[in-house]
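Q: below are the sequence and a predicted model; questions follow.
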Amino acid sequence: MTVTSSPTPRTGDDHEVVTSTSSSLTRVLGILSLIGAVGLAIMGLIVSPADKVQRDSVRLLYVHVPVVTWMYVAVLFCSVASAMWLRKRTDGWDALAVASAEIGAVLVGLGLISGMVWGRPTWGVYWVWDARLTSTAILFVMLLGYLALRRYPGDAEARSRMSAVLGLLLVPNAAIVHKSVDWWRGLHQGATVKRLDATIEGSMLTTLFLGFVVAGVVCAWLLVHRFRVAWLEGRSERHHLDAALADRRADADPSAGIAVGGPS
Amino acid sequence: MSLSLLFLTLGMTDAGYVAAGWIATFGIIGAYAVATIRRGKRLSKIVPPEERRWS
């Protein structure tokens, strides 16, 4: 099988074939993400007031909490996709699992960084071995392990199977992260918004919900792009494998140009 | 965007921490988005168009 490398392929009806992971859906999501990010910055840094206790450091709430919330969703997506791959064994579920795991790793890392930056003015320290922080760090290491496993240079089926098993283990860990503030006493505060009983109100609550929406749109945009990248990686790997097999067959019997089976 | 955030936070209490948290969040997500799109562009040139369902 030949591997195309034309940068600007065109179809017969002169519509340019897209040589990226973009589509009309991603363009809409991308524009909404940019508008939302600007709106969130205005609301979070100008419109919303400073807190009486935390003063301006409360503005970190509007990036930290949405990032951490969508981290849970990404981990859940990874586990569901892993379970579905074990059941269906299709490329789509595998691509969704790796896409959501990578986005989850980025979000967990960001949650840790923004939490540490927020912890310094609030608690007086960047890091403490609190139950929430420790369990989040463990989740981050698990996600890095998952991504390392995805680079295992062996059989694709075995790699997907091992990754799917690890992907299933992410949800119990995420549940421990979520419940850690209830199960163990530590520095980290409990939930800011629990059901409809929010502990903040007014423009602060509005900004927080805007943060949730913007982070959701950004995550959806990233997920579509990353899913397509994972899909392309799978196809690319298959093309390389096909090309390598064709080369080997040609080397074995160059005159016949046909497949040679077992040893002669 | 990062510079705008930096200017917006000037004059706040804990301005450095607020700026660092926001810039890190926007910067890391932005860098990851750019890296993902670049990976997609590179791979799209290798894989035939008929295998890219969104094309």
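A: Great, that's in hand. Predicted model, so just to flag it, every value in this text is computed and none were measured. Numbers count the residues shown, from 1 in each chain, chains lettered A, B, ... in the order given.
Q: residue A:156 against residue A:240, yeah?
A: No: if you go by CB atoms under 8 Å, residue A:156 and residue A:240 don't touch, sitting 11.4 Å apart. Heads up, the C-betas are built off the backbone N, CA and C, glycines and all.
Q: near chain A, which residues of chain B?
A: Proximity of chain B to chain A, by CB under 8 Å from any CB of the partner chain, involves residues B:1, B:4-5, B:8-9, B:12-15, B:17-18, B:20-22, B:24-26, B:28-29, B:32-33, B:36-37, B:39-41, B:43-49, B:51-52, B:54-55.
Q: those in helices, which ones?
A: B:4-5, B:8-9, B:15, B:17-18, B:20-22, B:24-26, B:28-29, B:32-33, B:36-37, B:39-41, B:43-44 (DSSP state H).
Q: buried subset of the residues you listed as a PyMOL selection?
A: Only the buried members of these enter the following PyMOL selection, criterion being 16 or more other CB atoms under 10 Å in any protein chain shown:
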select buried, chain B and resi 5+8+9+15+17+18+20+21+22+24+25+26+28+29+32+33+36+37+39+40+41+43+44
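Q: can you name the residue of chain A nearest chain B?
A: residue A:21 (3.2 Å; CB to the nearest CB).
Q: pull up the per-residue confidence for that residue.
A: Model confidence at residue A:21, given as pLDDT, is 88.
Q: dump the residue contacts of the closest residue to it other than its chain neighbours.
A: Closest residue to residue A:21 apart from its sequence neighbours, by CB to CB, 6 or more residues apart in numbering or on different chains: residue B:40 at 3.2 Å. Contacts for residue B:40 were tallied using CB atoms under 8 Å, 6 or more residues apart in numbering or on different chains; they are A:20, A:21, A:22, A:225, A:228, A:229, A:232.
Q: mind picking the two most distant members of these?
A: Farthest pair in these (CB to CB) is A:22 and A:232. Separation: 12.6 Å.
Q: who has more neighbours, those two?
A: The residue with more neighbours, out of residue A:22 and residue A:232, is residue A:232; 24 against 19, by other CB atoms under 10 Å in any protein chain shown.
Q: the more buried one: helix or strand, and which one exactly?
A: helix A:202-252 (DSSP states H and E).
Q: just to revisit the earlier point, which secondary structure element is home to the residue of chain A closest to chain B?
A: With DSSP H and E as the test, residue A:21 turns up in no helix or strand.
Q: so how far is residue A:76 from the residue nearest in space to the middle of chain A?
A: Nearest to the mean C-alpha position of chain A, counting by CA atoms, centre = their mean, stands residue A:103 at 1.3 Å. Per CB to CB, to the nearest Å, residue A:103 is found 12 Å from residue A:76.
Q: ok, residue A:127 next?
A: Residue A:127 is 26 Å from residue A:76, by CB to CB.
Q: next, the angle from the host helix or strand of residue A:143 to helix A:202-252.
A: Element membership for residue A:143, per DSSP H and E: helix A:131-150. Counting by axes from the mean of the first three to the mean of the last three CA atoms, to 10 degrees, helix A:131-150 lies at 20 degrees to helix A:202-252.
Q: does any part of helix A:131-150 sit near chain B?
A: No: for helix A:131-150, no contact with chain B is found by CB under 8 Å from any CB; the gap never falls below 12.8 Å.
Q: may I ask which helix or strand of chain B has the lowest mean pLDDT?
A: Ranked by mean pLDDT, DSSP states H and E, the weakest helix or strand in chain B is helix B:2-9, scoring a mean of 65.
Q: now do the contacts for residue A:109.
A: A:140, B:28.
Q: got the angle for whichever strand or helix holds it vs helix B:15-44?
A: Element membership of residue A:109 [criterion: DSSP H and E] is helix A:91-123. Angle, helix A:91-123 to helix B:15-44, by the same axes, to 10 degrees: 170 degrees.
Q: can you give me the buried ones in helix A:91-123?
A: So for helix A:91-123, counting by 16+ other CB under 10 Å, buried means A:91, A:93-122.
Q: middle-most residue in chain B, spatially?
A: Closest-to-mean residue, chain B, CA atoms, centre = their mean: residue B:30 / 0.3 Å.
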